[in-house]
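Student: fold the following for me, if possible:
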Amino acid sequence: MRLLMICKDVNYRNFLSKKLSSATVDCLQCDNLDAALGQLKQNNFDGVICCLPLCDQSCPFSILADLQNAAINTGIIFIADQLEVHLAMSLMRQGAFCCFNRPFPLEKLQEVIQKLKKEAPAIDESRKTSVAENRVNIAPAKHVIGNSKEALKMYRQIELVGPTNFNVIIYGETGTGKESVAYMLANAGDQGNKERNIAVDCGCLSKELALSELFGHEKGSFTGAVGQKTGAFELANNGTLFLDEIGNLDYEVQGYLLRAIQEKKIRRVGGTQEIAIQTRIIVASNENLAEAVQKGTFREDLYHRLNEFEIVVPPLRARATDLPLFIDYFINETNKELGKQVLSPDTEALLMLQCYNWPGNIRELRNIIRRACLLCRDGQALKSEHLPVKILNYMNERKLNFSTGVELPVPVTPVKAREVTLNKIKEILRMVNYNKTKAARLLGIDRKTLYNRLKSISFPGNNHRRGTYADC
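Tutor: Numbers count the residues shown, from 1 in each chain. Take a look at the predicted model:
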């Protein structure tokens, strides 16, 4: 049996390799992901042990995707210091064989390796089957990652309701990843990957088209119906039907949908036979359906049928600590597409990305990172010059300090310079780390006026001489 171990800590790498190596187990070591991917392309391994974190990659989901692409038949084991339970479960749902949190009994790892050796062929067949079954289904949850407080709350809700058969309403702004949440819900539990999970975008369906898409139609039932069509409910039988932008569904069609959910039966357009279905319903909306009920645009009875559980996907601006994870993921994704090695953003570019309000959420971030990677030279870090003008304009409009990210007061105009108090000057100087050029600009006065006013201010480092404060 051949194992590949990826670990940046040489001492821990050597320790594990020594303990695992035997007459029947050969363990090859790598200290980074790129070297490991090269080995996987050149040689066959029965398993990969990946110790987190890695220097060249911080996102475990990206690491897993890279390893799976390089080694289709290989089981992947993760070892980490502090891997949250929901992340471990998500990794295993997406194909990881096992996850360990240090410290752990070495015997457990040895047992898993022996189990891996026996089950390796089955893992490969399972992965092939899963891909075949879901090729027209709900998109994989690539973008739902993060460790922020808001994200953890969402993961806990997904873990709670996912294995059940509850209907779920997912709320969230455009681009937050509602379909990814639906994917995680549909594939939670032991039977999740065996079910058929179908997605329908209700936002672009007319009344006639919606009936055909949801329930199917018989040949000749209307002009253009040249053959029989199977609807989404039948395709998702014994699985999950995800209805995106449910609030846009025609009011009359909502009645047909309600009946299908209540009776667990459907009838194709133009047909007479009732077809029994067992389908879990997950819907998504960027508007509050309770408010839509009050407005009379959404059926109250349907709302209560769907509202067995609610999950709110937080906007990107509410989970700022997750931003670097998303950025790294999209950079790696684009690097593969373009065949480049663009590096993570430098300090200034990262600050600009963190300060932006992201009205388009994760979808907008992905587009901006892809564009920036295209503009950036191979082997260089993303810089502010690679970002769209709207991000720089947002920084300027909000008067954000690039060095600290602190929102600064709106500068006064030069005609009101005499009204600038000494306390205000002290406040601005502290914010800009005593950079008099920036301070003068923010105060709306010229540097000469600022020098004259500084003579009456006492604080550490002020010796009343020109050039005392930073000019850069």
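Student: for Gln68, grab the count of nearby residues.
Tutor: Applying other CB atoms under 10 Å, we find 16 other residues in the vicinity of Gln68. Any C-beta I mention is one placed from the backbone N, CA and C, and that applies to glycine too.
Student: for Ala236, that is, sorry about that
Tutor: Other residues near Ala236 number 25, with proximity taken as other CB under 10 Å.
Student: any idea how far Val269 is from the residue nearest to it when sequence neighbours are not counted?
Tutor: Nearest residue to Ala236 in three dimensions, chain neighbours excluded: Ile198, at 4.1 Å (CB to CB, 6 or more residues apart in numbering). Per CB to CB, to the nearest Å, Ile198 is found 18 Å from Val269.
Student: picking up where we left off before, so what pairs up with the residue nearest to Ala236 in the strands?
Tutor: Beta-bridge pairing of Ile198 under DSSP bridges involves Leu241.
Student: residues contacting Tyr394?
Tutor: Counting by CB atoms under 8 Å, 6 or more residues apart in numbering, Tyr394 makes contact with Cys355, Tyr356, Asn357.
Student: try 10 Å
Tutor: The contact partners of Tyr394, taken as CB atoms under 10 Å, 6 or more residues apart in numbering, are Met352, Cys355, Tyr356, Asn357, Pro388, Leu400.
Student: give me the element the first one is part of.
Tutor: Yep, that's Met352 we're talking about. If you go by DSSP states H and E, Met352 is part of helix 347-355.
Student: buried residues, the following helix or strand past that helix. List them.
Tutor: Toward the C-terminal end, the helix or strand that comes next after helix 347-355 (DSSP H and E) is helix 361-375. Under the neighbour-count criterion of 16 or more other CB atoms under 10 Å, helix 361-375 has Asn361, Ile362, Arg363, Glu364, Leu365, Arg366, Ile368, Ile369, Ala372, Cys373 buried.
Student: quick one: secondary structure of the nearest residue to the third one once chain neighbours are set aside?
Tutor: With sequence-adjacent residues excluded and distances taken as CB to CB, 6+ apart, Arg363 is closest to Gly175, at 3.3 Å. Classification of Gly175 by DSSP: H, G, I helix; E, B strand; the rest coil places it in coil.
Student: hang on, the earlier thing: and Ile198 and Val269? which has more neighbours close in?
Tutor: Legend: neighbour count by other CB under 10 Å for Ile198 and Val269, higher for Ile198 (23 against 18).
Student: surely the more buried one touches Thr240?
Tutor: Yes: because the distance of 7.4 Å satisfies CB atoms under 10 Å, Ile198 is recorded as touching Thr240.
Student: for Phe330, which non-adjacent residue is closest in space?
Tutor: Once chain neighbours are set aside, the closest to Phe330 by CB to CB, 6+ apart is Ile369, at 4.0 Å.
Student: check Gln94 too.
Tutor: Excluding its sequence neighbours, the residue lying closest to Gln94 (CB to CB, 6+ apart) is Leu64, at 6.1 Å.
Student: any idea of the pLDDT on Ile72?
Tutor: Reading off the per-residue confidence, Ile72 sits at a pLDDT of 69.
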